[in-house]
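1. need coordinates for the following:
(chains A and B)
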There are 2 protein chains.
Amino acid sequence: MSTVHRLTLADVLAEHARARPLVTAVVDGDVRLTYPALDARVTRLAGALAAEGVGEGDRVLWLGQNSHRVLELLLAAARIGAVLCPANWRQAPDELAFVLSDLTPKVVVWERSEAVEAVRPEGARWLLSGDEYERFLAGGAALETDFGDDAAPVLALYTAAFDGRPNAALLGHAALVAHAASLLHVRQMEPGFTFLTSGPLFHVGTMMFCLATLLAGGTNVFTPAFDAEEVCRLVDAEKCTQAFLFGPMIDAVAAANAGGKYDLKSLEFVSHSQEWDDMITVSDTPWCRSKMGGYGQTEVGGMLTFLGLAPGAAGFAGRPSPLVQVRLLDASGVEVPPGEVGEICARGKSIFSGYFNRPELNEWKFRGGWHHTGDLGRREPDGTLTFIGPSLRMIKSGNENVYPAEVERALKSHPAVADAAVIGVPDERWTQAVKAIVVLRPGSQADAAELTGHVRGLLASYKKPRHVEFADAIPKKGFIPDYDALDAHHGGGAYPGG
Amino acid sequence: MSTVHRLTLADVLAEHARARPLVTAVVDGDVRLTYPALDARVTRLAGALAAEGVGEGDRVLWLGQNSHRVLELLLAAARIGAVLCPANWRQAPDELAFVLSDLTPKVVVWERSEAVEAVRPEGARWLLSGDEYERFLAGGAALETDFGDDAAPVLALYTAAFDGRPNAALLGHAALVAHAASLLHVRQMEPGFTFLTSGPLFHVGTMMFCLATLLAGGTNVFTPAFDAEEVCRLVDAEKCTQAFLFGPMIDAVAAANAGGKYDLKSLEFVSHSQEWDDMITVSDTPWCRSKMGGYGQTEVGGMLTFLGLAPGAAGFAGRPSPLVQVRLLDASGVEVPPGEVGEICARGKSIFSGYFNRPELNEWKFRGGWHHTGDLGRREPDGTLTFIGPSLRMIKSGNENVYPAEVERALKSHPAVADAAVIGVPDERWTQAVKAIVVLRPGSQADAAELTGHVRGLLASYKKPRHVEFADAIPKKGFIPDYDALDAHHGGGAYPGG
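-> Numbers count the residues shown, from 1 in each chain, chains lettered A, B, ... in the order given. Predicted coordinates:
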């Protein structure tokens, strides 16, 4: 990268400190910092971290609730080429212990909690987020170092386990800036944009808007965790434009403000319910226009596709951000034609830089120069994308690949089906045969032939279940069927690749 | 650059061919091409160029009016790592001859003109833009080559002479994509955006919107050159969202449609006059909101700062694009404080890659890791920027630097002054003294003392003119005072550096 093209996250802050000397960058309880004040603190914090031996590629871990200090630590890490990981502080002790041993941070900033205290190891500098952090920062010499490689990673977010353990997705300066720029476009973020971090900053959904607000030179309002009444109070007091809210959180906020105590009209948000729509300003930006649809994951910086970029789209995932490419590839890396299901693969400006300390997994995920998301999609005739589901496993029937998620989606579109999961069972002739485990809706009826015929009407014949079993419930791991348990109970096996 | 982060202009087209199979990419007379059709033509054209020996870093020159073929050639060049230069075909023969000898293109696509015919040299493949071009393209084998270095230059635009000859500014894929992304944001370009290229594509002002429309997956409508009636017809027929129009062009279009023959309501444009505003839809996007203010030049990809990003700004140039940084530096590279004039310097995603074949000039322009624009600016107390004028020359008075543009600006703010230019004259004690040549408004009066006092009220004392001469007119080169002529007539000399 040529020096003249660099733009690190610290550069973004340094620019705002000049161009927005009077704008409030962060609000957090009693703390209010303008951009120059934030820049001055970050410069000192970077100096303190450097004095602690934190350098290029080193990790700093945050274990606590939301705080403006998460943003400060990220920007200070940016200044010295280090990486900040804000991790879920409410994980079980063995999960926390795994993160600590996996990430090997040089500095951990934490809020006191029993779970963290139980696993606190040697070998890192631990700082409590309150006075201890402030003393550490105040003791830093303002750093004039100018880390300039904006392709380097700066943020690590732990995400789903592919191989039985979570992995820290590394996101680079340039990728985070590019993703933020796509949000500025789709969300039409303008000067004065004020974001309330009412979701956890260790999730990309909240972090991506925090960073877009930074790029826009807007104001980030931090709240430790979601609290409906506090959201109302902060939106009213700080005139927030947006908050991290969805579904049940919106209902809770609407209920908390049922008496109209707070003025929420500054919130330009998606339409949700009559009472909600009456309280806020319904936004007509592409982001909010329809249903905030799209497809994303931590590894693409947040969102890869936006429904708002494809009005009237056939595919609910819409179209890609202008800064990325998407291909649907089969197992051998060949693009599948429109109408067929393939793995959603991506490349472009906002893609992550691989997982921390997982060279083999990274090589596999980036094979052929494309990031393989592990999710399945289909391109519709209008070019838009449909997200099918995770490609957790593949069934091999004859020479054909069958993805459980696609068949499950077809089964669940039958009115009598409440839930469904699909496994492969050994078959002498075809290697495997497709087997469906189906939960019917109370009071509904449908036999195997009807369900098989329904799937046949939607998908290629080889994808239809050859066997159907009915059950009372599908065992789950989170939102995903527990396929190992299903295999054990329903005779699954003979999967390709073992 | 990691492969997974690449996004060339050809990648942008390849993506749209998949995501927007039904969208019209270009309209040009009878030619209408969807994105897949454009991609297919570009793929063949790239094959034909490669077969002609055009490879990485090689130049292709366009000498003609606007045409969809300019975009095709740019995207085909993108596909093989080459560079397209659309040059001003109406230049004088010796200017054209300079471009040809400077750029040394391997292929020239041209529209028949006497000026071009007069200078047509050997050593390149010349193709007439009509049938000959079409045969060339049709003969190309669809190229599957995948040039992937998006930091490489792909567009060359000749721009102002710093050293007596024009220089071809090289813009890279990533820079053009980043600049286009900033326009998507500031102009709130949405799906369906339709741009009419009513200005010349060899100027960055038209090209930057053509490329932003491409990035947005919108429709580019090409018209050979500005014609007010034809603009009306095309806006009506193609429902254009935007066209390249300003000042007198807008007046001409409004006059051409005075009878209301054409429906121009699809045009979402800046407010200009009552009759214009009644014909079109006045846009409230940041781009159009105030007066389309900002600061830019070819070397930054188009716009560096936007007034629309700084509502109520003190400085008319507004604030930088989110993807760049701006510093105001003095002659020794030190940042000047707010309120003082310095050279506008920039770095970030949309900055150019230097001039073609000018290694020494590039080293000078990029000294210290910043692109030195050659223009002067000032930061106002609210952090916004004011563009002062070109730093064409500097006067040295004692140890102080005086920029003519700044003093001229102060002089012209006096109500009696119609025009003014400032030169340095030799001075025994101070090396140089500031001399103003002033044109008074008809019927106005002001003597040297009054004008000097006026400047003294606005600027530091050493900047005030020591000598004032009155004249009937200021000789100009384009919009800029002809300082050489002024020096010759008014005793200028002893400039620093000779």
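2. pLDDT below threshold where in the stretch 151-300 of chain A?
-> A:160-164 (pLDDT under 70).
3. how about the residues of it that lie near chain B?
-> Within the stretch 151-300 of chain A, the positions near chain B by Cβ under 8 Å from any Cβ of the partner chain are A:151, A:174-175, A:177-178, A:180-182, A:184-185, A:188, A:190-191, A:215-217, A:286. Quick note: C-beta positions are derived from backbone N, CA and C, even for glycine.
4. repeat that for 7 Å
-> A:A181, A:L184, A:H185, A:Q188, A:E190, A:P191, A:L215, A:A216, A:P286 (Cβ under 7 Å from any Cβ of the partner chain).
5. can I get these in a markdown table with distance to B:T373?
-> Formatted as a markdown table, those follow (distance: Cβ to Cβ, whole Å):
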| residue | distance to B:T373 |
| --- | --- |
| A:A181 | 22 |
| A:L184 | 24 |
| A:H185 | 26 |
| A:Q188 | 29 |
| A:E190 | 26 |
| A:P191 | 24 |
| A:L215 | 23 |
| A:A216 | 24 |
| A:P286 | 33 |
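6. can you give me the helices for the stretch 101-250 of chain A?
-> Residue ranges of the helices in the stretch 101-250 of chain A, as given by DSSP state H, counting those that start in this stretch, are A:114-119, A:131-138, A:173-186, A:204-216, A:228-238, A:247-256.
7. B:D30 is nearest to which of these?
-> When the helices of the stretch 101-250 of chain A are compared by Cβ to Cβ, helix A:173-186 sits nearest B:D30, at 33.4 Å.
8. any idea how far that closest one is from the chain center?
-> Mean C-alpha position of helix A:173-186 versus that of the full chain (Cα atoms, centre = their mean, to the nearest Å) differs by 14 Å.
9. got a list of what A:A152 touches?
-> Contact analysis of A:A152 by Cβ atoms under 7 Å, 6 or more residues apart in numbering or on different chains lists A:G81, A:G172, A:H173.
10. re earlier: tabulate the helices of the stretch 101-250 of chain A (CSV), appending mean neighbour count.
-> Formatted as CSV, the helices of the stretch 101-250 of chain A follow (neighbours: other Cβ atoms under 10 Å in any protein chain shown):
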stretch, mean neighbour count
helix A:114-119, 14
helix A:131-138, 15
helix A:173-186, 27
helix A:204-216, 24
helix A:228-238, 19
helix A:247-256, 16
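11. show the average pLDDT along the strand or helix carrying A:T386.
-> Here A:T386, judged by DSSP states H and E, is contained in strand A:385-390. The average pLDDT within strand A:385-390 is 88.
12. distance of the residue of the stretch 301-450 of chain A found nearest chain B relative to A:Q325?
-> Nearest to chain B, among the residues of the stretch 301-450 of chain A, is A:G369, at 3.9 Å (Cβ to the nearest Cβ). Here the criterion is Cβ to Cβ, to the nearest Å. By it, A:G369 lies 10 Å from A:Q325.
13. which one's more surrounded, the two?
-> Between A:G369 and A:Q325, A:Q325 has the larger neighbour count (other Cβ atoms under 10 Å in any protein chain shown), namely 23 against 15.
14. ok so that one is a helix residue?
-> No - assessed by DSSP: H, G, I helix; E, B strand; the rest coil, A:Q325 does not belong to a helix; its assignment is strand.
15. quick one: it and B:H16 touch, right?
-> No - judged on Cβ atoms under 7 Å, A:Q325 makes no contact with B:H16 at a distance of 9.8 Å.
16. just to revisit the earlier point, who touches the residue of the stretch 301-450 of chain A closest to chain B in this structure?
-> Taking Cβ under 7 Å, 6+ apart as the test, what A:G369 contacts is A:R347, B:T3, B:V4.
17. next, the first one: secondary structure please.
-> Spelled out, that is A:R347. strand.
18. report pLDDT for it.
-> For A:R347, pLDDT reads 98.
19. try the last one
-> The predicted local confidence for B:V4 comes out at a pLDDT of 96.
20. which secondary structure state does it sit in?
-> Using three-state DSSP, the structure places B:V4 in helix.
21. for the stretch 1-150 of chain A, which residue gets nearest to chain B?
-> At 3.9 Å from chain B, A:T3 is the closest residue in the stretch 1-150 of chain A, using Cβ to the nearest Cβ.
22. identify the residue nearest that residue in space, chain neighbours excluded?
-> Leaving aside its sequence neighbours, A:T3 sits nearest to B:G369 (Cβ to Cβ, 6 or more residues apart in numbering or on different chains; 3.9 Å).
23. check the gap between the one you found and B:S198 for me.
-> Taking Cβ to Cβ, one finds B:G369 at 38 Å from B:S198.
24. and stretch A:281-297, what's buried?
-> A:283, A:285-290, A:292-297 (16 or more other Cβ atoms under 10 Å in any protein chain shown).
25. what residues are up against A:A10?
-> A:A10 sits next to A:L75, A:A78, A:R79 when contact means Cβ under 7 Å, 6+ apart.
26. tell me how chain A divides into domains.
-> The record's domain parsing of chain A by automatic domain parsing lists A:3-225, A:294-390, A:395-490.
27. from the chain's centroid, how far away is the longest helix seen in chain A?
-> Criterion DSSP state H: the longest helix present in chain A is helix A:35-51. How far helix A:35-51 lies from its chain's middle: 28 Å, per Cα atoms, centre = their mean.
28. does chain B sit close to it?
-> No - judged by Cβ under 7 Å from any Cβ, helix A:35-51 and chain B are separated, with a smallest distance of 8.5 Å.
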